[in-house]
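Visitor: My questions concern the predicted model and sequence given below.
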Amino acid sequence: MSSRRRVLPALLATVMAAGMTVSLAPQAVAEDRHGGGHDKARTVGYYTQWSGYGRNFLVKDLVANGTAPRLTHLNYAFGFLDESGKCVSADTWADYQRPFTAEQSVDGTADVAGQPLSGNLNQLKQLKVKHPKLRINISLGGWTGSKYFSNAALTPESRASHVASCLDMWLKGNFPDAAPGAAAGVFDGIDLDWEWPSSEAAPGNVVRPEDKQNFTALLVEYRKQLGKLTRQTGKRYDLTAFLPADPRQVDRGFEVAKVFELLTFGTIQGYDFHGAWDPLTNQQSSLRTPSADPTAPQFSSQVAIDHYLKSGAPKSKVVMGVPFYSRGWTGVRNENNGLFQPATGPAPATYEAGYEDYRILKAQLPNFTVHRDTKAGHAWLFDGTTFWTWDDPVEMKRKGRYVAERRLGGAMIWSLDGDTADGELIKALTSGLSR
């Protein structure tokens, strides 16, 4: 397959119909290296805005546990949209106001009052100095931040306004109550996490039937304005998106072939296939559908990825998601080692019932028995009444090998704060990717 990026005739028709003149050449040349034909599988990790609160997982910890040199891309989650569709900070304190001590800082120096930039963004800036090949993107939306994406994408005017506001804030670095351009250069691109076009996710999200076509049009507008910014700065910028695993949501909300022509790459949800919202225990991130799974429709990473490939996504741009956390049930019937059994509700956990970080659950491992389905590619823990899905180093390496053997574009992690102090999950994942 040629690594030369070609624009689909249908996409050109979309651009022409919108009255746009778009030069994609600078981005296209860059994406010959970072879209198709890449030398190394991408390792994309989400660092969450709230990691530094209850979890006390700081940007510095990405260095301390060996994660940073193993990443090719880091997505900072999340930036939000206001009702008009313009970009806003979801947490100004975490993003650019919080001062860090010398012990908390990536470069070992304490923040001082009055400096142009503080918070996570300044720490990410320091991280880039230490790891200059790492690309850092701002992720917009998420489960709780996608309410107004449909408004942003609705018209040519709203799309232009949305993109301009996001580029001004996140790429040009202009934040309210901060020095102009204080955060310039922190981010290398935009990751869109619209959950989901034409399908409601969080209750209250604005959803329209025309979201499907408008999502494509929004990407076109991003490419237009990113291309202009490239001509001004000489830098290339990523445009990526987090995409759903459910084929029904894919068909309802995405023109897959057009979308992937416009994206640097797309990350495919490889987790949350099942959770405590289901009455039966099940896998949440299996590579393949377990043969005895009694539910319908059946979900797995392979089901999701195959659907994207059949819909026109190139393998080289398909990045498979993996979880650094577990989903759990309690009050589980003690049959079949707890798998596919009725439960009374979500398992008690540290931050959210039915959801536990790997590093925390690992400390409880002596209380459980580990079970594996090596054919389907998933594992779980069971103690006779409580059931947890289990993505440990064995399963992470298996997932990395799956990506490498299928020659996919890489793996994506949600989220980096779930790993251990010595980074055992990312080490296993990248070991598999390199085989």
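Guide: Sure, I can see it. Residues are numbered from 1 along each chain as shown.
Visitor: Not counting its own residues, what contacts stretch 405-413?
Guide: 38, 41-46, 72, 242, 265, 267-268, 270, 305, 315-324, 399-400, 403, 425-426, 429, 433 (Cβ atoms under 8 Å, 6 or more residues apart in numbering). For every residue, glycine as well, the C-beta is placed using N, CA and C.
Visitor: In PyMOL, how would I select just the buried ones from these?
Guide: The PyMOL command for the buried members of these (criterion: 16 or more other Cβ atoms under 10 Å) is given here:
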select buried, resi 38+41+42+43+44+45+46+72+242+265+267+268+270+305+316+317+318+319+320+321+322+323+324+399+400+403+425+426+429+433
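Visitor: Filter the contacts of stretch 405-413 down to the ones in strands?
Guide: Judged by DSSP state E, these include 42-46, 242, 265, 267-268, 318-323 as members of strands.
Visitor: Farthest-apart pair in these, please.
Guide: Pairwise distances across these peak at 19.0 Å for 265 and 323 (criterion: Cβ to Cβ).
Visitor: chain center to the longest helix along the chain, what's the gap?
Guide: In the chain, assigned by DSSP state H, the helix with the most residues is helix 211-233. Computed by Cα atoms, centre = their mean, to the nearest Å, the chain-centroid distance of helix 211-233 equals 20 Å.
Visitor: for stretch 386-395, same thing?
Guide: 20 Å.
Visitor: For the chain, which segments count as helices?
Guide: 9-17, 25-34, 59-64, 92, 119-130, 149-152, 156-166, 211-233, 247-253, 256-262, 301-310, 358-362, 393-405, 424-433.
Visitor: Which one, of these, ends up nearest to residue 204?
Guide: Here helix 149-152 is closest among those (Cβ to Cβ), at 11.8 Å.
Visitor: tell me the mean pLDDT for that closest one?
Guide: What helix 149-152 shows for mean pLDDT is 98.
Visitor: Mind giving me the packing neighbours of it?
Guide: The contact analysis (3 or more Cβ pairs under 8 Å, 6 or more residues apart in numbering; DSSP states H and E) places helix 149-152 against strand 73-81, helix 156-166, helix 211-233.
Visitor: quick one on the thing from earlier: and the ones in strands among the contacts of stretch 405-413, which is closest to residue 348?
Guide: Distances from residue 348 to those, taken by Cβ to Cβ, are shortest for residue 323, at 19.1 Å.
Visitor: Go ahead and confirm the closest one touches residue 274.
Guide: No - the pair residue 323 and residue 274 fails to qualify as a contact (Cβ atoms under 8 Å) at a distance of 12.0 Å.
Visitor: hey, what's in contact with both of these two?
Guide: Counting by Cβ under 8 Å, 6+ apart, the residues touching both residue 323 and residue 274 are residue 284.
Visitor: Please export the C-alpha coordinates of stretch 68-79 as CSV.
Guide: Coordinates of each C-alpha in stretch 68-79 appear next as CSV, following Å, rounded to 0.1, in the frame of the first residue of the first chain:
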residue,chain,number,x,y,z
ALA,A,68,7.2,9.1,29.1
PRO,A,69,10.0,7.6,26.9
ARG,A,70,7.6,4.7,25.9
LEU,A,71,4.9,7.1,24.6
THR,A,72,4.8,8.5,21.1
HIS,A,73,1.7,10.7,21.9
LEU,A,74,0.2,12.0,25.1
ASN,A,75,-3.4,13.2,25.1
TYR,A,76,-4.3,15.7,27.9
ALA,A,77,-7.9,15.2,28.9
PHE,A,78,-10.1,17.3,28.7
GLY,A,79,-10.9,20.7,27.3
